[in-house]
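> starting from these lines, generate the structure:
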Amino acid sequence: MTLAAVQNIIKENSAVLLYFSGENCGVCKALQPKIKASFDEYFPKIEQIYLNAKTNQDISINFNVFSVPTILVFLDGKEQLRKGRNISIPQFIEEVKRPYNLFLS
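Alright, predicted model coming up:
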């Protein structure tokens, strides 16, 4: 995926999740399916994009991602939330609910 493609997805969708991970990141591999399942259940209107930070360095640099995992949530083209490393999924879900309901209800 190219930087232009990601920027276009953010521009064309009212809600986007970018999940940056790494091949040798155990936390990334454990967290990704849980985030995906949670977002599929609670936030079906959010477009989800999963990226390898190393193979997509230009995208990572553009979004100031310097460690993995890093999760960015965009609403109406603007970054609303940024989480990294040790993420509590229940807490993260609660943080996303309010802006999600404001923007997409």
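> neighbours of the closest residue to Gly84 other than its chain neighbours, just the number please.
Once flanking residues are discounted, Gly84 sits nearest to Thr70: 4.4 Å by Cβ to Cβ, 6 or more residues apart in numbering. The way it works is simple: take the backbone N, C-alpha and C, and place the C-beta from them, glycine included. When neighbours are counted by other Cβ atoms under 10 Å, Thr70 registers 22.
> in the sheet, who's paired with Thr70?
Beta bridges link Thr70 to Phe20, Gly84, judged by DSSP bridges.
> surely it meets Glu79?
No. Between Thr70 and Glu79 there is no contact under Cβ atoms under 8 Å: 11.4 Å.
> re the thing from before, any idea of the pLDDT on the residue nearest to Gly84?
With respect to pLDDT, Thr70 scores 97.
> now Leu102
pLDDT at Leu102 comes out at 89.
> report the contact partners of the residue nearest to Gly84.
Residues in contact with Thr70, defined by Cβ atoms under 8 Å, 6 or more residues apart in numbering, are Tyr19, Phe20, Ala53, Arg82, Lys83, Gly84.
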